[in-house]
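In: model this:
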Amino acid sequence: MDHTVAPASSRVVGAWDDLRVDPRAPLHPDLHPLGSAGLLVLGRLAGLVLVDVEVALTRRHAGPTSLLTVLAVLANIGALAWLSGRVRSGARQATALALMGLTGGLLATLQHGSPALAFPALAVAQAVADTSVLEALAVGACALVAVEAGVVWASLDATAALGYPAILVGSALLGLTRRQYVMRVRAAEALVAQTRETEAVTRRAAALDERTRIAREIHDVLAHALGGLAVQLEAAELLLTERGDIDGALERIRGSRRTAREGLEEARRAVAALRSDAPPLPESLTGLLNSHREQGSSGELVIEGEARDLPPEVSLTLMRTVQEALTNARRHAAGSPVRVRLSYEPARTSVTVTNDAPPEPPLADTDPTGGYGLTGMRERLELAGGRLAAGPGPDGWTVSAEIPR
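Out: Residues are numbered from 1 along each chain as shown. Predicted coordinates for the structure are as follows:
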């Protein structure tokens, strides 16, 4: 039985897919050594306070104090909006980061060398790490335009004109590194979840297959034993009620007793096979032929090749095939000798049951006792990877089954 598992989380995720997820989920983009989102926010707030203190203490600037104050206030608003965690979805987060990058970048260049550079650097890194590609490009463009405008306003040299963009590029690379780390963790999480689901489905399939195997064994035992008992007892009843043939009825009752005994033996063999301690295949076939002879028919077993241990399900499948063939031989060609050949070959194991063929084919797709006949044999062998052939041959009616080693 084949099962296909395709969980939704198994989709291939690109490096720039949207990583925003529920912060309460086990795997959240804010993965950090502190292990707690609350501690991380407190750490960022402390860093923001230190930057603000340094900015306030910086005396060198190239613009009016009022403008610098406004820029600092707007940069802090963007930073607080991002830190609050209330703008985690859509364009709001990108807007807060763009505000940080724009106002912080201009403030950093007007206060050349001040810690205000943390605003645009953090905005670019976070946008690359946690937003879509278009949003990250928009935040980066705002920060870049702001720092270059500040360089021109403050009349800074070429070193500053190239240095500030280089810092932003470095921040973008840091954000990309963090994004790739999160993607790897998410991929590992998805793989673990898919593996667990696959294992669960495999266990369910194995349990279902085992239940099916047990049901098949119980059905075969009951179908042969109870079906035979029903036929024998009905015949005994008819002999007593319609003909008064006590001797014939007693013979039918004795046959019923033999059938019941055989059914018990078959049940024991089935339980033994299900417990993986079934007797070797030659021993099982010998027992079947002994029972076949007790019912007035002759039979012989020939073993070819070097005997070897087979898996319990393989032995049981071949034994059931021989059992079904013997049952049909008794039913359709009573009294004819039966030859069973068990052949061990390097790549396969096969059994062949041959008896003198009656005028009509002795084996139908189903049988009146409730067994499976050809259909049941073929299904059993196909499940074990084998095949079945049945029909007239040079030596009589032949049923042949083989299973790869």
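
In: Show the contacting residues for Val147.
Out: Gly105, Leu106, Ala108, Thr109, Pro120, Tyr164, Pro165, Leu168 (C-beta atoms under 8 Å, 6 or more residues apart in numbering). No exception for glycine: its C-beta is placed from N, CA and C like everyone else's.

In: how about 6 Å then?
Out: Applying C-beta atoms under 6 Å, 6 or more residues apart in numbering, we find Val147 in contact with Gly105, Thr109, Tyr164.

In: Gly386 now?
Out: Shown in contact with Gly386 (C-beta under 6 Å, 6+ apart): Glu402, Ile403.

In: Against Arg204, how distant is it?
Out: Using C-beta to C-beta, to the nearest Å, Gly386 is found at 26 Å from Arg204.

In: can you give me the strands for the protein?
Out: Counting by DSSP state E, the chain has these strands, from start to end: 299-304, 338-344, 348-355, 387-393, 396-404.

In: measure the closest residue in space to Leu301 that isn't next to it in sequence to Asn355 for me?
Out: The shortest distance from Leu301 to any non-neighbouring residue, by C-beta to C-beta, 6 or more residues apart in numbering, is to Val340 (4.9 Å). Using C-beta to C-beta, we find Val340 at a distance of 10 Å from Asn355.

In: okay, these two: which has more neighbours?
Out: Asn355 (28 against 23; other C-beta atoms under 10 Å).

In: isn't the more buried one right up against Ala329?
Out: Yes - judged on C-beta atoms under 6 Å, Asn355 makes contact with Ala329 at a distance of 4.4 Å.

In: Between those two, which contacts overlap?
Out: Residues touching both Asn355 and Ala329 (C-beta under 6 Å, 6+ apart): Val338.

In: For the closest residue to Leu74 other than its chain neighbours, give me the pLDDT.
Out: In space, and not counting its chain neighbours, Leu74 is closest to Thr103: 4.1 Å by C-beta to C-beta, 6+ apart. Per-residue confidence (pLDDT) for Thr103: 89.

In: Thr103: what's it in contact with?
Out: Neighbouring residues of Thr103 by C-beta under 6 Å, 6+ apart: Leu71, Leu74, Ala75.

In: Please indicate which of those has the highest neighbour count?
Out: Neighbour counts for those peak at Ala75, which has 29 neighbours (criterion: other C-beta under 10 Å).

In: just to revisit the earlier point, please look at the residue nearest to Leu301 and Val302 and confirm they touch.
Out: No - the criterion here is C-beta under 6 Å, and Val340 misses it with Val302 at 7.1 Å.

In: got the domain boundaries for this protein?
Out: The record's domain parsing of the chain by automatic domain parsing lists 8-200, 297-405.

In: How far off centre is stretch 107-125?
Out: Here stretch 107-125 is found 50 Å from its chain centre; the criterion is C-alpha atoms, centre = their mean, to the nearest Å.

In: Could you give me the buried positions within it?
Out: Neighbour counts over stretch 107-125 (16 or more other C-beta atoms under 10 Å) mark 107-112, 114-125 as buried.

In: What's the end-to-end length of that stretch?
Out: With C-alpha to C-alpha, to the nearest Å as the measure, stretch 107-125 spans 18 Å from end to end.

In: now that stretch: mean pLDDT?
Out: For stretch 107-125, the mean pLDDT works out to 87.

In: And the contacts of it?
Out: 51, 54-55, 58, 61-63, 71-72, 75, 97, 100-101, 104-105, 139-140, 143, 147, 150-151, 154, 168, 171-172, 174-175.

In: cool, stretch 158-170 as well?
Out: Contacts of stretch 158-170 (C-beta under 6 Å, 6+ apart): Val124, Ala143, Leu144, Val147, Val151.

In: just stretch 57-64 next, same as before
Out: So stretch 57-64 is in contact with Leu68, Leu110, Gln111, Ser114, Ala154, going by C-beta under 6 Å, 6+ apart.

In: Mind doing that once more with 7 Å?
Out: Contacts to stretch 57-64, defined as C-beta atoms under 7 Å, 6 or more residues apart in numbering, come from residues Leu68, Leu110, Gln111, His112, Ser114, Trp153, Ala154.

In: Now do the last one: how many residues are near it, please.
Out: Other residues near Ala154 number 17, with proximity taken as other C-beta under 10 Å.

In: Now do the same contact list for it.
Out: By C-beta under 7 Å, 6+ apart, Ala154 lies in contact with Ala62, Thr109, Leu110, His112.

In: Distance of it relative to Ala62?
Out: Distance of Ala154 to Ala62, computed by C-beta to C-beta: 4 Å.

In: bridging residues for the residue nearest to Leu301?
Out: Residues in a beta bridge with Val340, per DSSP bridges, are Leu301, Val353.

In: any idea of the mean pLDDT for stretch 345-357?
Out: Mean per-residue pLDDT for stretch 345-357: 86.

In: quick one on the thing from earlier: thinking the residue nearest to Leu301 is in contact with Val353, fair?
Out: Yes - with contact defined as C-beta atoms under 7 Å, Val340 reaches Val353; the gap is 5.3 Å.

In: how about stretch 302-320 as CSV, C-alpha atoms only?
Out: Taking Å, rounded to 0.1, in the frame of the first residue of the first chain, the C-alpha atoms of stretch 302-320 are listed here in CSV:
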residue,chain,number,x,y,z
VAL,A,302,10.1,-33.5,-4.1
ILE,A,303,12.6,-30.9,-2.9
GLU,A,304,15.1,-29.5,-5.3
GLY,A,305,18.1,-27.4,-4.4
GLU,A,306,19.6,-26.5,-1.1
ALA,A,307,16.9,-25.6,1.5
ARG,A,308,17.2,-22.2,3.2
ASP,A,309,15.3,-20.1,5.7
LEU,A,310,12.6,-17.9,4.1
PRO,A,311,10.8,-15.0,5.6
PRO,A,312,7.7,-16.1,7.4
GLU,A,313,5.4,-14.2,5.0
VAL,A,314,7.0,-15.9,2.0
SER,A,315,6.8,-19.4,3.5
LEU,A,316,3.1,-18.8,4.5
THR,A,317,2.3,-17.5,1.0
LEU,A,318,3.8,-20.6,-0.7
MET,A,319,2.2,-22.9,1.8
ARG,A,320,-1.2,-21.4,1.2
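
In: List the buried residues of it.
Out: Neighbour counts over stretch 302-320 (16+ other C-beta under 10 Å) mark Leu310, Glu313, Val314, Ser315, Leu316, Thr317, Leu318, Met319, Arg320 as buried.
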